[in-house]
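> sequence first, predicted model second:
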Amino acid sequence: MRRLRRIKILATLGPASSDSAMIRKLFEAGADVFRINMSHTPHDKMRELVKTIRNVESSYGRPIGILVDLQGPKLRLGSFANGPIQLNNGSNFILDSIKEPGDETRVYLPHPEILAALKVGDALLLDDGKVRLICEETQGDRAVTRVVIGGKMSDRKGVSLPDTDLPMSAMTNKDRADLEAACETGIDWVALSFVQRAEDVVEAKRMIRGRAAVMAKIEKPQAIDRLEDILDVSDALMVARGDLGVEMPLERVPSLQKQMTRMARRAGKPVVVATQMLESMISSPVPTRAEVSDVATAVYEGADAIMLSAESAAGKYPVEAVSTMNRIGEEVERDVTYRTVVTAQRPDPEATAGDAIAGAARQIAETLDLSAIICWTSSGSTALRVARERPKVPVVAITPSLHTGRKLSAVWGVHCVVAEDAKDQDDMVERAGRIAFRDGFAKSGQRVIIVAGVPLGTPGATNMVRIAYVGPSDADV
């Protein structure tokens, strides 16, 4: 199951894609990681999906990543006494703590933390930004707002606060229960919603205790202002363009996508571009030309992965959506412009042995036209540093840890192989050649470059490169 593209594909599972046969089809079509959205998935169903994915994984012998996406706090209005109301431009509308149905003048807001944090001049966006209010007066348990953009409003519509720093955790009690259940089940990645600050990620990591990696979803303006701090403590970023485009001007989202992609690459951490990538394929077997261009842009930018949401979870054409993404990735990466763009964006190496070795391995491999870069890695850090270089030649990660292999399934260009750890350097070289030959990365007589940490099995100790021939004996796999 060697992929012919470097960018990875995340596919969300849902009603259209929850049985074994469909998950198998999605994997064959190109999905590298499966996302389980806990907003719609009870624990029993999550465990069933994980078990099904693991069965598919074992039948193909290739690590498959599983990402559990936590719901995060859902801020919503209360209900209205007589059904939907109309909010008119220029009128006043009160949000308060009175637990009674609302009307055209007021509504219950069951989030005292919002009323406490609101400041005069702060914006409130209702129903995914369709209605916009501006706070004009605060009184602790109520806020008087002015309707700037009016519209119809009904029960339990969502509330977004782009200007307000809310003193609340990124995780609700539901999220904590979901997180513990997911970690006990053995998933690989946790996507953390509603991240406002680095402390939100640290809180999740304390609960996880190393059982999974944390992907911070960047969907709030407060996170943009603290992006470097959040990236420092996260294992990966997700550019959650849907919610980001509600809370920030839409025209800013493309530039923020580029900034986050490049920032994550500089840090050597995976970055996923998500939301509405092939939205029309929920109901159409063919995407729009604009959607194809959007997916291609993420590939050109050097993102590690691109994600399908409702397209694969609830759409009519989940397999076609994954297949389309796969073809776009392959085509873009064949374009000579792609290599030019990715190379131009290559960050300078950090002042660490791992980065220096990874940079040298990439340069040697390209100068000598070697067939592949083979990374022996226990924690995955060696493969991450090599992937950061975006080399022309394939990257193969050999790891004794199945968990590491699954985690690396979200990383640009890394073909993961789970194998027993090498006994010594000679064993490492010989088995690297055998695996490169077996998986089609090198032919007999060609050369590969091997990157590892010595002593073997020491996490984060990338300090060795070695060029080796793939000899006739390597063909005897």
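In hand now; what should we look at?
> how's the protein carved up into domains?
8-73+170-343, 85-160, 353-475 (automatic domain parsing).
> now L402: phi and psi?
Dihedral angles of L402 (phi, psi; degrees, to the nearest 10) stand at phi -60, psi -40.
> now do the contacts for it.
Going by Cβ atoms under 8 Å, 6 or more residues apart in numbering, L402 touches 63, 418. (Glycine included, C-beta is placed from N, CA and C.)
> thinking again about what came up before, which among the domains of the chain is found nearest to R2?
Closest of the domains of the chain to R2 is domain 353-475, at 5.8 Å (criterion: Cβ to Cβ).
> re the thing from before, okay if I get the domains of the chain as CSV plus mean pLDDT and distance to M1?
Output for the domains of the chain, formatted as CSV (pLDDT from 0 to 100; distance: least, Cβ to Cβ, whole Å):
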stretch, mean pLDDT, distance to M1
domain 8-73+170-343, 97, 5
domain 85-160, 96, 38
domain 353-475, 91, 9
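> S79 is nearest to which of the ones you listed?
Nearest of the domains of the chain (Cβ to Cβ): domain 85-160, 4.1 Å.
> thinking again about what came up before, let me have the domains of the chain in JSON lines, adding distance to S79 as columns.
JSON lines is the format used below for the domains of the chain (distance: least, Cβ to Cβ, whole Å):
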{"stretch": "domain 8-73+170-343", "distance to S79": "19"}
{"stretch": "domain 85-160", "distance to S79": "4"}
{"stretch": "domain 353-475", "distance to S79": "40"}
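> state the phi and psi torsions of the residue found closest to F80 once you drop the neighbours it is linked to in the chain.
Distances taken as Cβ to Cβ, 6 or more residues apart in numbering put G102 closest to F80, at 4.9 Å, once the chain neighbours are dropped. Dihedral pair for G102: phi -90, psi -180, per degrees, to the nearest 10.
> what is the neighbour count of G102?
For G102, the neighbour count with other Cβ atoms under 10 Å is 23.
> oh, and call the first residue 26 from now on, that's how I've got it
In the new count, where the first residue is 26, that last one comes out as G127.
> hmm, it is touching G103, no?
Yes. Using Cβ atoms under 8 Å, G127 makes contact with G103 at a distance of 6.2 Å.
> give me the common contacts of those two.
Taking Cβ under 8 Å, 6+ apart as the contact rule, G127 and G103 both touch Y133.
> got the contact list for S64?
S64 neighbours (Cβ under 8 Å, 6+ apart): 94, 96.
> sorry, that was for E138
191-193.
> helix or strand right after whichever strand or helix holds it?
Taking DSSP states H and E as the definition, E138 sits inside helix 137-142. Per DSSP H and E, helix 137-142 leads on to strand 148-151 as the next helix or strand towards the C-terminus.
> for that next one, name the packing helices and strands.
strand 156-163, strand 184-185 (3 or more Cβ pairs under 8 Å, 6 or more residues apart in numbering; DSSP states H and E).
> got JSON lines for the ones you listed, with distance to A385 and mean neighbour count too?
Converted to JSON lines, the helices and strands packed on strand 148-151 look like this (distance: least, Cβ to Cβ, whole Å; neighbours: other Cβ atoms under 10 Å):
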{"stretch": "strand 156-163", "distance to A385": "53", "mean neighbour count": "18"}
{"stretch": "strand 184-185", "distance to A385": "47", "mean neighbour count": "19"}
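> in CSV: those, plus distance to D250.
Output for the helices and strands packed on strand 148-151, formatted as CSV (distance: least, Cβ to Cβ, whole Å):
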stretch, distance to D250
strand 156-163, 20
strand 184-185, 16
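> of those strands, which approaches D446 most closely?
strand 184-185 (48.4 Å).
> the closest one pairs with which strands, and in what direction?
Sheet pairing of strand 184-185 (DSSP bridges) gives strand 148-151 (antiparallel).
> what's the helix or strand containing D69 in contact with?
If you go by DSSP H and E, D69 is part of helix 68-85. Under the criterion Cβ under 8 Å, 6+ apart, residues 26, 38, 43-45, 48-49, 52, 59, 61, 63, 66, 88-89, 91, 93, 202-203, 206-207, 210-212 lie in contact with helix 68-85.
> run a quick neighbour tally on the residue nearest to P109 when sequence neighbours are not counted.
Leaving aside its sequence neighbours, P109 sits nearest to S179 (Cβ to Cβ, 6+ apart; 4.0 Å). When neighbours are defined as other Cβ under 10 Å, S179 has 12 of them.
> ok, now C441?
26.
> contact partners for the residue nearest to it when sequence neighbours are not counted?
Once flanking residues are discounted, C441 sits nearest to G430: 4.0 Å by Cβ to Cβ, 6+ apart. Listed by Cβ under 8 Å, 6+ apart, the contact partners of G430 are 88, 422, 424, 441-443.
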